[in-house]
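>>> Dropping a prediction and its sequence here:
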Amino acid sequence: IKRTQPGVFQSLYQQDPRPNEEYQIFPNWIIIDEMPDLEPFYGLDFGYSNDPSVFSKLMEHNGNGYVQTLFYRKKMTNDMIAAQIKKHGIRNEPIYADSAEPKSIEELRRHGLNVIPAVKGPDSILAGILHLQGMRMHVTRDSIHSIEENKYYQWMPGPDGPINKAIDAWNHCKDSERYGFYTRFLEGRQAAALFSQDDFY
């Protein structure tokens, strides 16, 4: 792997991997001091033993996306996640979470949180990445894990350079961010389509 796929080797097997700028998926995010005054929504990626649970505050306006990581921790139960979310004053705002965890989503809903399953499928990772790449993305300076992942989240290498498939590493913040932005985007498209149909009929 080290010889034939150096990007994979650096991302997965090195204790201190070096970012390969050619393979970076998100190299150009703008670092800001604080979030703007916009309506927030949220993204949640579940983890436990080996992977952290990540909760991200997200905003969008005129093609600009804004990200702040609110927590990034391992060994959080769903009760702990719910309590931590509520500490940020969140009640009914939409939280887009990993739809592969329906039990966790249901448990958080029982805590009174508005948790929505994120869109997932065979092409949803790439589609979500491309959606984020089409935006002008900003991340707060205190979101150290999101900023770090931007350095190391990389495309798989192919014979002639990177291919459109992300390496499954350095992506916990990125997953939470993708769940929120991409699912919200698809919800908007669906609402627009329904509006157009109602208008037509």
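Happy to help now that I have it.
>>> What pLDDT is listed against the most centrally placed residue in the chain?
By CA atoms, centre = their mean, the mean C-alpha position of the chain lies nearest to residue 177, the distance being 2.2 Å. Looking at residue 177, its pLDDT stands at 98.
>>> As a check, name the ranges of all strands in the chain.
For the chain, applying DSSP state E gives strands covering 30-32, 41-45, 53-61, 64-73, 95-97, 115-117, 136-140, 155-158, 161-166.
>>> Format those strands as a markdown table; extra columns: distance to residue 85 and mean pLDDT.
Glycine gets a C-beta too; all of them are placed from N, C-alpha and C. A markdown table is the format used below for those (distance: least, CB to CB, whole Å; pLDDT from 0 to 100):
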| stretch | distance to residue 85 | mean pLDDT |
| --- | --- | --- |
| strand 30-32 | 23 | 98 |
| strand 41-45 | 8 | 98 |
| strand 53-61 | 6 | 98 |
| strand 64-73 | 8 | 98 |
| strand 95-97 | 7 | 98 |
| strand 115-117 | 9 | 97 |
| strand 136-140 | 18 | 98 |
| strand 155-158 | 32 | 88 |
| strand 161-166 | 27 | 89 |
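>>> Out of those, which one sits most buried?
Stretch with highest mean neighbour count among these: strand 95-97 (a mean of 27; mean count of other CB atoms under 10 Å).
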